[in-house]
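Student: The sequence isn't on hand, but the structure is:
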């Protein structure tokens, strides 16, 4: 899937929502916690209810690894289920991997071949050879961590380069934007950092951005769009907890669908305001 | 296991070797590639042959994830095998994880509880709250990436702070050395960066360092010890490929054992030269 395909899906769905399947076994409705496939069963119902309103699903690997081997089985089954039933959906492994070149190659294989996701989030700390192997798979994407949404993002990401004056995350963007292209590279920019989006857009006007932190983490969708939207939308806005755990009864999927639909409606308005529909 | 326990093992074994179980299915002897447990069977023989000469094993998760669910099963079986047969061995998950706080908590659970390793390598790019959850488990360790051994380590890790003049990896060490203590925090410093070890030792005289890159990646053990050893040794030196794939026949384990023994002998000499034995 390239950036045009993604923009087409955004126009069809009138949405740039990404639903984060950060499925915590302890938080799913109690009546579902019955067997080793509980997380998959929960995901399946969430996906069925939210698919009309979303263009992407993002699976954070931590939630699955915390359940050990069972978790990996549930993660794989979830990706397969999306592939089989929603062929145009963009699937992200939020894995934040990155290692020396020959090792990153194995991570690329793990997620692009074994797990069959379209994209993986990548931690750029180890530099170009740690990211390059993710850019060798046609139609697949590396989503590079730039400015994250957490408190600790202030510790190192905003350190200023003595020579260029660039902040670390800006330098990461400047360097890495030419490692791949706008059809295989995105950046993570936390919605709690909406004020940074204008500068980032100056540096990378065409790249897609993955925006976590709208909702539970306090980011504002309207601000994000004002500063970050481009002529192909250029945004995937993720929501996890606000959709997944909106209701804790047998109605959880229905309510999750309603929450996703509400976000889709807001996104449709914003797409219209930016003359993209 | 705290730093005194680790030093005791180093004195007992006369070695500060860590064997990296970066087991690539494509590189194990062909006669072993027979079933889903092939990687575990290979690891078991490598462990039996090298255990007398090593104080630690390091499993790089990429090699296991590349095999999907089967890989996770093999990784877990390998850790269990070491636990059951070599109770004093220090086991590292070389996973390079790190995410927002509540997500890093799940990674900590995944590796310290589910996988039951003693330590996990952590990528510090997302700051304090991404590392802190790994420091909450008594007896468990976070091994923070500082200066890695690959070419890309030059891209961002050596960027200089406009205000303090510190390089990024130095600032990471300066900040993070007080997040935990010398009994739960180590740092990764590539052996190809031996010249940096002196400065790093000034900043953290007491912390253990995990040193990859001796052997296949070209680092020099004697240089590493000259600049990096402290009065509790303070070093775990990793070797992976040079031991694992030294021989490709039925004798692979025997030859791996010989390679490990040769490194142990060299390490014993160096420990004596530094008056630690």
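Tutor: Looks like it arrived, so ask away. Please read all numbers here as calculations on a predicted model, not as lab measurements.

Student: which one is the residue of the stretch 1-150 of chain A found nearest chain B nearest to, not counting chain neighbours?
Tutor: Ranked by C-beta to the nearest C-beta, the top residue of the stretch 1-150 of chain A for proximity to chain B is residue A:127, at 2.3 Å. To be clear about C-beta, it is placed using only N, CA and C from the backbone, and glycine gets the same treatment. Spatial nearest neighbour of residue A:127, excluding adjacent residues (C-beta to C-beta, 6 or more residues apart in numbering or on different chains): residue B:152 at 2.3 Å.

Student: Shouldn't residue A:93 be within a strand?
Tutor: Yes: inclusion of residue A:93 in a strand is indicated when DSSP: H, G, I helix; E, B strand; the rest coil is applied.

Student: Bridged to it, which residues?
Tutor: Beta-bridge partners for residue A:93, by DSSP bridges, are residue A:59, residue A:120.

Student: so it makes contact with residue A:117?
Tutor: Yes: counting by C-beta atoms under 8 Å, residue A:93 touches residue A:117, with 4.3 Å between them.

Student: Residues that sit against both of the two, list them.
Tutor: Taking C-beta atoms under 8 Å, 6 or more residues apart in numbering or on different chains as the contact rule, residue A:93 and residue A:117 both touch A:59, A:111.

Student: Now do the helices in chain A.
Tutor: Listed in chain order, the helices of chain A (DSSP state H) span A:3-13, A:38-50, A:61-65, A:69-85, A:101-108, A:128-131, A:153-156, A:168-176, A:197-203, A:221-228, A:241-244, A:252-273.

Student: Can you report how many residues neighbour the spatially closest residue to residue A:39 that is not a sequence neighbour?
Tutor: Among residues not flanking residue A:39 along the chain, residue A:74 sits closest, at 4.3 Å (C-beta to C-beta, 6+ apart). By other C-beta atoms under 10 Å in any protein chain shown, 25 other residues sit near residue A:74.

Student: hang on, isn't the residue nearest to residue A:127 packed against residue A:129?
Tutor: Yes: in this structure, residue B:152 is within contact of residue A:129 by C-beta under 8 Å, at 4.2 Å.

Student: Can you check which residues contact both of these two?
Tutor: Residues touching both residue B:152 and residue A:129 by C-beta under 8 Å, 6+ apart: A:100, A:101.

Student: and the gap between the residue nearest to residue A:39 and residue A:80?
Tutor: Here residue A:74 is placed at a distance of 11 Å from residue A:80 (C-beta to C-beta, to the nearest Å).

Student: same thing with residue A:36?
Tutor: From residue A:36 over to residue A:80 (counting by C-beta to C-beta), the distance is 16 Å.

Student: OK, contacts around the residue of chain A positioned farthest from its centre?
Tutor: Computed with C-alpha atoms, centre = their mean, the maximum C-alpha offset from the centroid of chain A is found at residue A:163, amounting to 32.4 Å. By C-beta under 8 Å, 6+ apart, the residues touching residue A:163 are residue B:160.

Student: Residue A:222 now?
Tutor: Taking C-beta under 8 Å, 6+ apart, we find residue A:222 in contact with residue A:270.

Student: Identify the residue spatially nearest to residue A:213, adjacent ones excluded.
Tutor: Nearest one to residue A:213, counting by C-beta to C-beta, 6+ apart, is residue A:149 at 3.3 Å.

Student: Please name the bridge partners of the closest residue in space to residue A:171 that isn't next to it in sequence.
Tutor: With C-beta to C-beta, 6+ apart as the criterion, residue A:171 has its nearest non-adjacent residue at 5.6 Å, and that residue is residue A:161. When bridges are called by DSSP bridges, residue A:161 pairs up with residue B:161.

Student: Return the distance of residue A:161 relative to residue A:168.
Tutor: Relative to residue A:168, residue A:161 is positioned 7 Å away (C-beta to C-beta).

Student: Which neighbours do those two have in common?
Tutor: Counting by C-beta under 8 Å, 6+ apart, the shared contacts of residue A:161 and residue A:168 are residue B:159.

Student: More neighbours: the two, which one.
Tutor: Higher neighbour count among residue A:161 and residue A:168: residue A:168, with 23 against 18, using other C-beta under 10 Å.

Student: For that one, give me its contacts.
Tutor: Counting by C-beta under 8 Å, 6+ apart, residue A:168 touches A:156, A:157, A:158, A:159, A:160, A:161, B:156, B:159, B:168.

Student: Below-threshold pLDDT in the stretch 101-250 of chain A: ranges please.
Tutor: A:215-219 (pLDDT under 70).

Student: Can you tell me which residues in it are near chain B?
Tutor: Neighbours of chain B within the stretch 101-250 of chain A, by C-beta under 8 Å from any C-beta of the partner chain: A:101, A:103-104, A:106-107, A:109-111, A:114-115, A:123-131, A:145, A:148-157, A:159-163, A:165, A:168, A:171-172, A:175.

Student: What subset of the residues you listed is buried?
Tutor: Using 16 or more other C-beta atoms under 10 Å in any protein chain shown as the burial test, these include A:101, A:103-104, A:106-107, A:109-111, A:114-115, A:123-131, A:145, A:148-150, A:152-153, A:155-157, A:159-161, A:168, A:171-172, A:175 as buried.

Student: before we move on, back to that, out of the helices of chain A, indicate the one that is most buried.
Tutor: Mean neighbours per residue, mean count of other C-beta atoms under 10 Å in any protein chain shown, is largest over the helices of chain A for helix A:61-65, with a mean of 26.

Student: contacting residues for the residue of the stretch 151-277 of chain A found nearest chain B?
Tutor: Using C-beta to the nearest C-beta, the single residue of the stretch 151-277 of chain A nearest to chain B is residue A:152, 2.3 Å away. Counting by C-beta under 8 Å, 6+ apart, residue A:152 touches B:100, B:101, B:126, B:127, B:128, B:129, B:130, B:131.

Student: Kindly recompute the last result at 6 Å.
Tutor: Going by C-beta atoms under 6 Å, 6 or more residues apart in numbering or on different chains, residue A:152 touches B:126, B:127, B:128, B:129, B:130.

Student: cool, residue A:77 as well?
Tutor: Per C-beta under 6 Å, 6+ apart, neighbours of residue A:77: residue A:40.

Student: try it again with 10 Å
Tutor: A:37, A:39, A:40, A:41, A:43, A:44, B:69 (C-beta atoms under 10 Å, 6 or more residues apart in numbering or on different chains).

Student: try residue A:61
Tutor: Each residue near residue A:61 by C-beta under 10 Å, 6+ apart is listed here: A:22, A:71-72, A:75, A:93-97, A:110-111, A:115, A:120-121, B:65, B:97, B:99, B:103, B:106-107, B:110.

Student: What confidence value was assigned to it?
Tutor: We have a pLDDT of 98 for residue A:61.

Student: that older thread, if I look at the residue of the stretch 1-150 of chain A closest to chain B, how far off is residue A:198?
Tutor: Using C-beta to C-beta, residue A:127 is found at 27 Å from residue A:198.

Student: Count the neighbours of the closest residue to residue A:107 other than its chain neighbours for me.
Tutor: Closest residue to residue A:107 apart from its sequence neighbours, by C-beta to C-beta, 6+ apart: residue A:97 at 4.4 Å. Here the count is done by other C-beta under 10 Å, and residue A:97 has 28 residues near it.

Student: Quick check: bridge partners of residue A:97?
Tutor: So, taking DSSP bridges as the rule, residue A:97 has residue A:122 as bridge partners.

Student: Next up, the contacts around it.
Tutor: Residues near residue A:97 by C-beta under 10 Å, 6+ apart: A:61, A:103-104, A:106-108, A:110-111, A:120-123, A:130-131, A:134, A:142, B:61-62, B:65, B:95-97, B:123.

Student: can we see that at 8 Å?
Tutor: Contacts for residue A:97 were tallied using C-beta under 8 Å, 6+ apart; they are A:104, A:107, A:111, A:120, A:121, A:122, A:123, B:62, B:96.
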